[in-house]
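1. Following is a predicted model, sequence given first.
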Amino acid sequence: MDWKSFTAAVVEDVAWPLAVVTILLLFRVELLKLIPQLQKLKFKDLELEFAKQLSAAAAEAGLSPPLSAEEEPTEDRPMLRRGGVDHYVEALAAVSPRAAILESWVAFEVLAQRALEKMVGGPTPRPLQISEVFDLLRKGNVISTAEQRALERLRELRNHVVHGPDVMLTRERTIEYVTVLNKIADRIRDAIG
């Protein structure tokens, strides 16, 4: 290989990386402004999958989000507002969708545990995983099989959001999630009286 061939090979190998670096340097200010959107775009598939799973959960439970809030939270259900989402969760969803989903899920777990205790007439002999609680509620006709499947899907979404790295969700998608969860909570409240 002579020096001309060597130089041509080096230029060929370096051309694309050099062009990319040059573009990055020339447009660095504009590109820095796009980084938040690029992060959102990076996780767009996740949000689309979240939306798809949320729609499936709502359909399984016979619900169609979003629905508006109608009633003030009470001490018994501080974040599970009948008919919708309370103002605290709405505000939290605007700041941290992950936290809003987690807060709503924890409130739902408390409701489900209380419903089970009411159904069996007292506390369970040992702590139960939430999937066991759902199974017992279904066997006691507090929730339907479809609602159990919807709750399992919502639990999977919650786990993915809470444990996934850098999950980005919109406030609207978060409100839809909480609304579906709250409507199932309303059905549980109605079933246990």
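-> Here it is on my side, so go on.
2. since we're on the residue nearest to Leu111 when sequence neighbours are not counted, how many residues are nearby?
-> Nearest residue to Leu111, sequence neighbours excluded (C-beta to C-beta, 6 or more residues apart in numbering): Ala185, at 5.4 Å. Every residue, glycine included, has its C-beta placed from N, CA and C. Using other C-beta atoms under 10 Å, Ala185 is surrounded by 22 other residues.
3. Quickly find the element holding Ala185.
-> Ala185 is part of helix 171-192, with elements assigned from DSSP states H and E.
4. Quick check: buried residues in that helix?
-> Along helix 171-192, these residues count as buried under the neighbour rule (16 or more other C-beta atoms under 10 Å): 171, 173-189, 191-192.
5. For Glu60, see how far away the residue nearest to Leu111 is.
-> Distance, Ala185 to Glu60, by C-beta to C-beta, to the nearest Å: 15 Å.
6. now swap in Arg138 and tell me
-> Distance from Arg138 to Glu60, by C-beta to C-beta: 13 Å.
7. between those two, who's got more neighbours?
-> Glu60 (20 against 17).
8. Let me see the contact set for that one.
-> 146-147, 149-150, 153 (C-beta atoms under 8 Å, 6 or more residues apart in numbering).
9. Is Met168 in a helix, a strand, or coil?
-> coil (DSSP: H, G, I helix; E, B strand; the rest coil).
10. That one: neighbouring residues, count only.
-> 18.
11. Walk me through the domains of the chain.
-> Following automatic domain parsing, one gets these domains for the chain: 1-42, 43-192.
12. Can you name the element that comes right after the lowest-mean-pLDDT helix or strand in the chain?
-> Using mean pLDDT, DSSP states H and E, the weakest-scoring helix or strand in the chain turns out to be helix 28-42, at a mean of 56. Using DSSP H and E, the next helix or strand after helix 28-42 towards the C-terminus is helix 44-60.
13. Pull out the buried residues from that next one.
-> Under the neighbour-count criterion of 16+ other C-beta under 10 Å, helix 44-60 has 46, 50-51, 53-54, 57-58, 60 buried.
14. can you pull the buried residues of the helix or strand just after that helix?
-> Downstream of helix 44-60, the next assigned helix or strand under DSSP H and E is helix 87-95. Within helix 87-95, the residues that count as buried by 16+ other C-beta under 10 Å are 89-90, 92-93.
15. which among the residues you listed gets closest to Trp3?
-> Of all those, Ala93 has the smallest distance to Trp3: 64.1 Å, by C-beta to C-beta.
16. coming back round to it: separate out the buried members of the contacts of Glu60.
-> Neighbour-count burial (16+ other C-beta under 10 Å) applied to these gives 147, 149-150, 153.
17. nearest to Asn159, of the residues you listed?
-> Nearest to Asn159 among these, counting by C-beta to C-beta, is Arg153 at 10.8 Å.
18. Return the distance of the residue lying closest to the closest one once chain neighbours are set aside relative to Leu157.
-> The spatially closest residue to Arg153, leaving aside those adjacent along the chain, is Ala57, at 4.1 Å (C-beta to C-beta, 6+ apart). The spacing between Ala57 and Leu157, counted by C-beta to C-beta, is 7 Å.
19. Nothing else from me, thank you.
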